[in-house]
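# Test case, fold it:
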Amino acid sequence: MAHWRDELNRIATEFWCGVGLIEELPVVADAANSDLGEAHADIWNFYTCSTEEDAAALTLKLAWELNSFVPASWEAVPYAQGALKRALDNFVTKKTSVQKLCNLVENLDATFNIHLSRYPNPPPLTEWEEWWMGNLWNNCDWCDDSWTYEGCPSLVEEAHRVATMLRELANSRAN
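Below is the predicted model:
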């Protein structure tokens, strides 16, 4: 496992993006408590957390208190990319609705393309020629409750393309 603090930031971002997995919480709690004896009194709640809403609130709180980390930051970009890749994989296998994917795309675009644009982009994040969200925002534009997977082939195609791009990006970081 990567360092538990990095894992805490990752899962906080994933819950913030709506793709976190509750079963990962005890693994992070075990690593944190093993490393520090007791990382934080609230980390014990990782063992009993049962809803995504509670997990999101708890991971965001602990990521801030222990790491001064928030998902709406340049530091979070690699974690947000991983969360988007998970959401895209879920979408192309029809485990996630068009609306849920498009809500995430809107949130990520507003955060990383609009709100953070006022702040300098750290150098390691500017090496990539293409915006890491590809053209998802345009494909999600005007999405409403009537949209279906079968009714938006351009979004499905772009989801496949961006998921592949994000996989390659993650692999290049690992090397």
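
# Count the residues that sit near Asp109.
17 (other Cβ atoms under 10 Å). Every residue, glycine included, has its C-beta placed from N, CA and C.

# If you drop the residues flanking it in sequence, what lies closest to it?
Nearest residue to Asp109, sequence neighbours excluded (Cβ to Cβ, 6 or more residues apart in numbering): Trp137, at 4.7 Å.

# quick one: what helix or strand has the one you found in it?
helix 136-140 (DSSP states H and E).

# Next, the buried residues of that helix.
Residues 136-137, 139-140 are the ones in helix 136-140 that count as buried (16 or more other Cβ atoms under 10 Å).

# Also stretch 83-98?
83-92, 96-98.

# Make JSON lines out of those residues and add secondary structure, distance to Ile43 and pLDDT.
Below are those laid out as JSON lines (DSSP: H, G, I helix; E, B strand; the rest coil; distance: Cβ to Cβ, whole Å; pLDDT from 0 to 100):
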{"residue": "Ala83", "secondary structure": "helix", "distance to Ile43": "21", "pLDDT": "96"}
{"residue": "Leu84", "secondary structure": "helix", "distance to Ile43": "27", "pLDDT": "96"}
{"residue": "Lys85", "secondary structure": "helix", "distance to Ile43": "27", "pLDDT": "96"}
{"residue": "Arg86", "secondary structure": "helix", "distance to Ile43": "23", "pLDDT": "96"}
{"residue": "Ala87", "secondary structure": "helix", "distance to Ile43": "26", "pLDDT": "96"}
{"residue": "Leu88", "secondary structure": "helix", "distance to Ile43": "30", "pLDDT": "97"}
{"residue": "Asp89", "secondary structure": "helix", "distance to Ile43": "28", "pLDDT": "96"}
{"residue": "Asn90", "secondary structure": "helix", "distance to Ile43": "27", "pLDDT": "96"}
{"residue": "Phe91", "secondary structure": "helix", "distance to Ile43": "32", "pLDDT": "96"}
{"residue": "Val92", "secondary structure": "helix", "distance to Ile43": "34", "pLDDT": "94"}
{"residue": "Thr96", "secondary structure": "coil", "distance to Ile43": "29", "pLDDT": "93"}
{"residue": "Ser97", "secondary structure": "coil", "distance to Ile43": "32", "pLDDT": "94"}
{"residue": "Val98", "secondary structure": "helix", "distance to Ile43": "36", "pLDDT": "94"}
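
# Return the closest of these with respect to Leu155.
If you rank those by distance to Leu155 using Cβ to Cβ, Val98 comes first, at 6.8 Å.

# gap between the residue nearest to that closest one when sequence neighbours are not counted and Gly82?
Distance criterion Cβ to Cβ, 6+ apart; nearest residue to Val98, sequence neighbours excluded, is Trp147 at 4.4 Å. Distance from Trp147 to Gly82, counting by Cβ to Cβ, to the nearest Å: 25 Å.

# Many thanks, we can stop here.
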